[in-house]
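this one's sequence-less:
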């Protein structure tokens, strides 16, 4: 199956190695973001920190879902993930979302917002590259992009105190756009 998929997508004008590189880098970013968001969530303390924990948790679990949704597509196209987790982390498309030196809620939100902005950028790039040429990868990247844009809006709203128009999920980690790829 991977060979047939590859030929169809290559015939549409996609460089499979470039696409696989983008997808692996995106998956690596999702995996590392899940890890770093775990640390950031645990350092959201005090009354103000407690108010953002659920939102950070939602983004954290959805980022894990993004990783889980990307991996099958990588293998469908004949790619794979690095065998060493350190190599995977080094391939991440986005910078590590380190706990800031002064872990105030505001500083944590700034780290979260920058991570989401990077994610929006990588999925926009994948969508632009696959649009009209690889419908399956495009659909997956677009679904993830929708959720990353919402995450970005949540953190920007919390940081700027200006409404974003986005609402909380019914339950953390719901992944309303990506869930169809997780079945």
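Yep, it's here. Only a predicted model underlies this, so the values are computations on that prediction, with no experimental measurement involved.

Now do the helices in the chain.
Assigned by DSSP state H, the chain shows helices spanning 2-11, 16-42, 46-76, 85-90, 105-130, 135-160.

Now do the buried residues in the fifth one.
It refers to helix 105-130. Across helix 105-130, burial judged by 16 or more other C-beta atoms under 10 Å covers 105, 108-109, 111-113, 115-120, 122-123, 125-127, 129-130. Placement of C-beta: from N, CA and C, glycine included.

and that helix with helix 2-11, angle?
Interaxial angle, helix 105-130 versus helix 2-11 (axes from the mean of the first three to the mean of the last three C-alpha atoms, to 10 degrees): 80 degrees.

If you average pLDDT over each of the helices of the chain, which is lowest?
Ranked by mean pLDDT, these bottom out at helix 2-11, with a mean of 87.

buried stuff in that one?
Neighbour counts over helix 2-11 (16+ other C-beta under 10 Å) mark 5-6, 9 as buried.

where's residue 92 relative to residue 125, distance?
Residue 92 sits 14 Å away from residue 125, going by C-beta to C-beta, to the nearest Å.

make that residue 154, sorry
Computed as C-beta to C-beta, the residue 154 to residue 125 distance reads 22 Å.

do the same with residue 14
Note on residue 14: its distance to residue 125, by C-beta to C-beta, is 13 Å.

if we can go back for a sec, residue 170 is nearest to which of the helices of the chain?
Ranking the helices of the chain by proximity to residue 170 (C-beta to C-beta) places helix 46-76 first, at 10.3 Å.

and the angle from the closest one to helix 135-160?
With the same axes, to 10 degrees as the basis, helix 46-76 and helix 135-160 are set at 170 degrees to each other.

Tell me what angle helix 46-76 forms with helix 16-42.
With the same axes, to 10 degrees as the basis, helix 46-76 and helix 16-42 are set at 160 degrees to each other.

Give me the buried stretch members for helix 46-76, please.
49, 52-53, 55-71, 73-74.

Tell me how many other residues surround residue 37.
For residue 37, the count of nearby residues is 25 (other C-beta atoms under 10 Å).

what residues are up against it?
Residues in contact with residue 37 (C-beta atoms under 8 Å, 6 or more residues apart in numbering) are 56, 59-60, 63, 97, 112, 115.

could you dump these to TSV with distance to residue 38?
Output for those, formatted as TSV (distance: C-beta to C-beta, whole Å):
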residue	distance to residue 38
56	9
59	11
60	6
63	10
97	10
112	12
115	13
